[in-house]
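> using only what follows, build the 3D model:
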Amino acid sequence: MTTCITICDTCKRAGREEGDMARTDGEALAGLVEAAAAGTGLATRRVSCLMGCKRACNVAVQAPGKLAYVLGGFAPTREAAEAVVAYAAAHAESASGQVPFRAWPEAVKGHFVARLPPLEGES
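Below is the predicted model of the structure:
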């Protein structure tokens, strides 16, 4: 069962107009997460809108039969991307998807938005 990091590529953080407008903050974060996840066995995918606009940039960490997590409020930085990938790797190692707080990368703490139970019959 592969853990997948779903990244919103349409996220735009507040104050974005003051920076580089060539691509969205979500696109920037997606590229960084994809690069950090390369060769890890984790899957990544981009989607247009996770509906967490007030907490952009947003990602979801999911795997069949496991708890799923939505995280948001990231800056599109290498540190954030590497932390998301490290958390997803720990999620992949967990039988239930739950990762003990002590194992969370520092840069994901305070970014959790929701925890979703696995769908019934999902495995």
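
> can we go C-alpha only for contacts and neighbour counts from here?
Will do.

> so what pLDDT did residue 88 get?
What the model reports for residue 88 is a pLDDT of 98.

> scratch that, residue 13 is what I was asking about
79.

> repeat that for residue 16.
On the pLDDT scale, residue 16 gets 60.

> likewise for residue 22?
Residue 22 carries a pLDDT value of 74.

> got any ranges where the protein has weak pLDDT?
Within the chain, the stretches with pLDDT under 70 are 1, 15-21, 121-123.

> packing partners of the longest helix anywhere in it?
Secondary structure assigned by DSSP state H gives helix 78-93 as the longest helix of the chain. Here helix 78-93 touches strand 4-8, helix 25-37, going by 3 or more CA pairs under 8 Å, 6 or more residues apart in numbering; DSSP states H and E.

> mind checking how far the longest one is from the chain centre?
Same thing as helix 25-37. For helix 25-37, the distance from its own C-alpha centre to the chain's C-alpha centre is 10 Å (CA atoms, centre = their mean, to the nearest Å).

> next structured bit after it?
strand 43-47 (DSSP states H and E).

> just say helix, strand or coil for residue 69.
strand (DSSP: H, G, I helix; E, B strand; the rest coil).

> ignoring the adjacent residues along the chain, who's closest to it?
Closest residue in space to residue 69, ignoring its immediate chain neighbours: residue 115 at 4.6 Å, by CA to CA, 6 or more residues apart in numbering.

> thought residue 83 was touching residue 107?
Yes. Using CA atoms under 8 Å, residue 83 makes contact with residue 107 at a distance of 5.7 Å.

> neighbour count: these two, which is higher?
residue 83 (20 against 16; other CA atoms under 10 Å).

> in which helix or strand does the residue nearest to residue 69 reside?
According to DSSP H and E, residue 115 maps onto strand 112-116.

> just the CA trace of that strand, in CSV.
Extracted in CSV, the C-alpha atoms of strand 112-116 (Å, rounded to 0.1, in the frame of the first residue of the first chain):
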residue,chain,number,x,y,z
PHE,A,112,-2.6,19.8,11.0
VAL,A,113,-6.1,20.7,9.8
ALA,A,114,-8.0,17.4,9.9
ARG,A,115,-7.7,13.6,10.5
LEU,A,116,-10.0,11.4,8.5
